[in-house]
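Engineer: I would like to see how this sequence folds:
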Amino acid sequence: MINRLIADLRKQKGISQHELSRQTGINQGTISLIEAEKTSPTSEVIVKLARFFSVSTDYLLGLVDEFGNEIKK
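Structural biologist: Have a look, this model is predicted:
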């Protein structure tokens with residue numbers, strides 16, 4: 001789920017993986033692997049992405065929706 005959210009947020013901003021890497025300091029290969037579901041992001045990467053996209057870490061983790069409402073599983 002986090003992979004899809006990251007890719008969607010990046011595309012909504014209209015930036016490439018390379019540009020996301022440049023602006024966040026996260027290795028572009030790491031971003032690629034996360035979006036392809038080949039690896040999970042570290043907590044440090046999740047925090048950097050949440051700050052960059054102005055969303056909560058809970059949103060990226062799929063715990064709340066875009067309005068901050070808890071997602072019942």
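
Engineer: And the helices in the protein, which stretches?
Structural biologist: 2-13, 17-24, 28-35, 43-53, 57-60 (DSSP state H).

Engineer: The longest one - contacts with which helices or strands?
Structural biologist: Okay, so that is helix 2-13. helix 28-35, helix 43-53, helix 57-60 (3 or more CB pairs under 8 Å, 6 or more residues apart in numbering; DSSP states H and E). Bear in mind the C-beta positions are built from the backbone N, C-alpha and C, glycine included.

Engineer: circling back: I'd like to know which of the helices of the chain lies nearest to N69.
Structural biologist: The closest of those to N69 is helix 57-60. By CB to CB, the value is 10.3 Å.

Engineer: list the buried ones in the closest one?
Structural biologist: Neighbour-count burial for helix 57-60 flags Y59, L60 (criterion: 16 or more other CB atoms under 10 Å).

Engineer: Stretch 27-47 now?
Structural biologist: For stretch 27-47, using 16+ other CB under 10 Å, the buried residues are T30, I31, I34, E35, P41, V45, I46.

Engineer: now, which of these sits nearest S16?
Structural biologist: Of the buried residues of stretch 27-47, the one sitting nearest to S16 (CB to CB) turns out to be I31, at 9.6 Å.
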